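# What would the 3D arrangement of this be:
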Amino acid sequence: MPDISNLPLTKTEKRIVEEYKKINFQKDDNYTIYKTFENIPLESVLMYSTQNSKVVEYYLENLRGIKLAISGKDLESIGISPSKEYKKCFEYILKKKINNPTLKLEDEICIAKEYFKI
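Numbering: from 1, shown residues only. Okay, the predicted model is just below:
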């Protein structure tokens, strides 16, 4: 990327450029793509399309809208007390949902039970 430090960019524009510079794929499986783009500005994702348009297109069309239906309240309802393990469980479920976006809340609860071995 050319040096743009002398351009009169706004804070938001600078953040977009900085987030773009951080994008680095070690592998391009669905989970890695999702996690790489999940919390960065859409403009940074779109900038990355100049590097790898197939990955960006795939993310925007197939992965961007994936969200878990399950919540901490659902885990509590199946007898799991709140803990730091919730986050690990949600990541476990997310990995499965990314590869099968049709999973419903009931499926996610079954996966949580599998995770907690209940």
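# what's the pLDDT at Asp3?
Looking at Asp3, its pLDDT stands at 66.
# Ok, the one 3 residues further on next?
Per-residue confidence (pLDDT) for Asn6: 71.
# count of neighbours near it?
Counted with other CB atoms under 10 Å, the neighbours of Asn6 add up to 6. For the C-beta atoms, the positions are set from N, CA and C on the backbone; glycine is no exception.
# Secondary structure element holding it?
Assigned by DSSP states H and E, Asn6 belongs to no helix or strand.
# State the distance from it to Leu75.
Taking CB to CB, to the nearest Å as the measure, Asn6 falls 51 Å from Leu75.
# What of Asn24?
Look at Asn24 and Leu75: by CB to CB, they are 33 Å apart.
# More neighbours: those two, which one.
Neighbour count, other CB under 10 Å: between Asn24 and Leu75, Leu75 has more, with 22 against 6.
# Report the contact partners of the closest residue to Leu60 other than its chain neighbours.
Of all residues not flanking Leu60 in the chain, Val45 sits nearest, at 7.4 Å (CB to CB, 6 or more residues apart in numbering). For Val45, the contact set (CB atoms under 8 Å, 6 or more residues apart in numbering) comprises Phe37, Val56, Tyr59, Leu60.
# who touches the longest helix anywhere in the chain?
Ranked by residue count under DSSP state H, the longest helix found in the chain is helix 85-99. If you take CB under 8 Å, 6+ apart as the criterion, helix 85-99 is touched by 30-31, 34, 63, 66, 68, 70, 72, 75, 80, 103, 108, 111-112, 115-116.
# C-terminal to the lowest-mean-pLDDT helix or strand in the chain, what's the next element?
Least confident helix or strand, the chain: helix 11-22 with a mean of 81, by mean pLDDT, DSSP states H and E. As assigned by DSSP H and E, the chain's next helix or strand after helix 11-22 is helix 30-37.
# Output that next one as PDB - backbone C-alpha positions only.
What follows is helix 30-37, C-alpha atoms only, in PDB (Å, rounded to 0.1, in the frame of the first residue of the first chain):
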ATOM      1  CA  ASN A  30     -14.800 -20.300   6.700                       C
ATOM      2  CA  TYR A  31     -14.200 -19.700  10.400                       C
ATOM      3  CA  THR A  32     -11.000 -17.800   9.900                       C
ATOM      4  CA  ILE A  33     -12.600 -15.600   7.200                       C
ATOM      5  CA  TYR A  34     -15.500 -14.900   9.500                       C
ATOM      6  CA  LYS A  35     -13.400 -14.000  12.500                       C
ATOM      7  CA  THR A  36     -11.000 -11.900  10.500                       C
ATOM      8  CA  PHE A  37     -13.800  -9.700   9.100                       C
END
